[in-house]
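S.K.: just a sequence and a predicted model for now, questions to come.
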Amino acid sequence: FGDARLNLVFFKVGRALASPSRARSLSSAWTWFWTTSWQQLFANPPQQHRVFAPWSKTAASEVVLWQIGRVALALQQLACRLRAQAPHELPVLAAELWKAPLAALGRSSQGDEIDGAWAELESFRIQAADLLSGMTAAEALARETVLSDVALPTLWKLMGSEESPNGTGGIGLSSRAGCEDEVWKEPANIADFWDKESDAGWYLYRLAAIDPDM
């Protein structure tokens with residue numbers, strides 16, 4: 001339900017939580033997420049497949065917005081997982097380079113309505129995409145702490161919510177306070193990464209269970 005492309009990106013990222021080596025295969029999903037206009041995704045929600053809704057019904061824009069936020073949350077959690085595997089990696093980019101995109105992101109969160117925030121959000125996305133263009137997803141998530149500790153959580157707070165829209169399968173991810181949680185380093189069970197009470201979390205768990213890399 002919602003935008004199938006955002007669902008695909010989410011499940012690819014969420015699956016990589018169990019097997020961090022999969023972060024190296026996120027190139028196309030990573031590039032698509034940062035180079036595709038989020039405003040256009042919001043403004044042009046897709047028609048739903050007939051399995052989910054009548055042909056004439058389109059997904060609500062609010063569902064697409066929530067999906068973008070859920071991808072940001074999944075990326076933030078994958079960053080925590082990768083940083084736990086390589087805790088001493090230094091950022092590639094100087095912190096000063098993030099000041100302008102973070103300023104745009106901060107301005108976008110000042111209003112109450114998303115419609116008035118798109119110019120700043122798109123400015124953030126474009127600047128962030130430019131900064132990240134020379135890095136792989138794994139490298140950026142493991143090393144760019146400004147991205148994982150500030151930008152991605154802010155996007156989730158702005159676009160997402162703990163109450164998932166009907167038909168989306170739920171967040172699917174377990175709630176985590178941040179990268180300091182020990183579960184990222186030595187999980188007692190890979191199932192700890194997902195909320196198996198939700199449809200999305202159960203699907204991620206089953207994907208991991210049949211993963212030949214596990």
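M.R.: It's in.
S.K.: OK, contacts around Glu62?
M.R.: Pro165 (CB atoms under 8 Å, 6 or more residues apart in numbering). All C-beta atoms are positioned from the backbone trio N, CA, C, and that covers glycine.
S.K.: against Arg83, how distant is Tyr203?
M.R.: 26 Å (CB to CB, to the nearest Å).
S.K.: between those two, point out the one with more neighbours.
M.R.: Arg83 (20 against 17; other CB atoms under 10 Å).
S.K.: which SSE is immediately downstream of whichever strand or helix holds the more buried one?
M.R.: Here Arg83 sits within helix 61-85, counting by DSSP states H and E. Scanning forward in sequence from helix 61-85 by DSSP H and E, the next helix or strand is helix 99-108.
S.K.: enumerate the positions of that following helix that are buried.
M.R.: Buried residues in helix 99-108, counted by 16 or more other CB atoms under 10 Å: 101-102, 104-105, 108.
S.K.: and those as JSON lines, adding pLDDT and distance to Leu207?
M.R.: JSON lines is the format used below for the buried residues of helix 99-108 (pLDDT from 0 to 100; distance: CB to CB, whole Å):
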{"residue": "Pro101", "pLDDT": "94", "distance to Leu207": "32"}
{"residue": "Leu102", "pLDDT": "95", "distance to Leu207": "33"}
{"residue": "Ala104", "pLDDT": "94", "distance to Leu207": "35"}
{"residue": "Leu105", "pLDDT": "93", "distance to Leu207": "31"}
{"residue": "Ser108", "pLDDT": "88", "distance to Leu207": "33"}
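S.K.: closest one to Ala191 out of those, please.
M.R.: Leu105 (32.8 Å; CB to CB).
S.K.: who's in contact with the closest one?
M.R.: With CB under 8 Å, 6+ apart, Leu105 has these contacts: 120-121, 124, 151, 154-155.
S.K.: quick one: it from Ala151, how far?
M.R.: Distance, Leu105 to Ala151, by CB to CB: 6 Å.
S.K.: any shared contact partners between these two?
M.R.: Residues touching both Leu105 and Ala151 by CB under 8 Å, 6+ apart: Phe124.
S.K.: buried residues in whichever strand or helix holds Tyr205?
M.R.: Element membership for Tyr205, per DSSP H and E: helix 199-209. By neighbour count with 16+ other CB under 10 Å, helix 199-209 contains the buried residues 200-205, 208.
S.K.: thanks again, I'm all set now.
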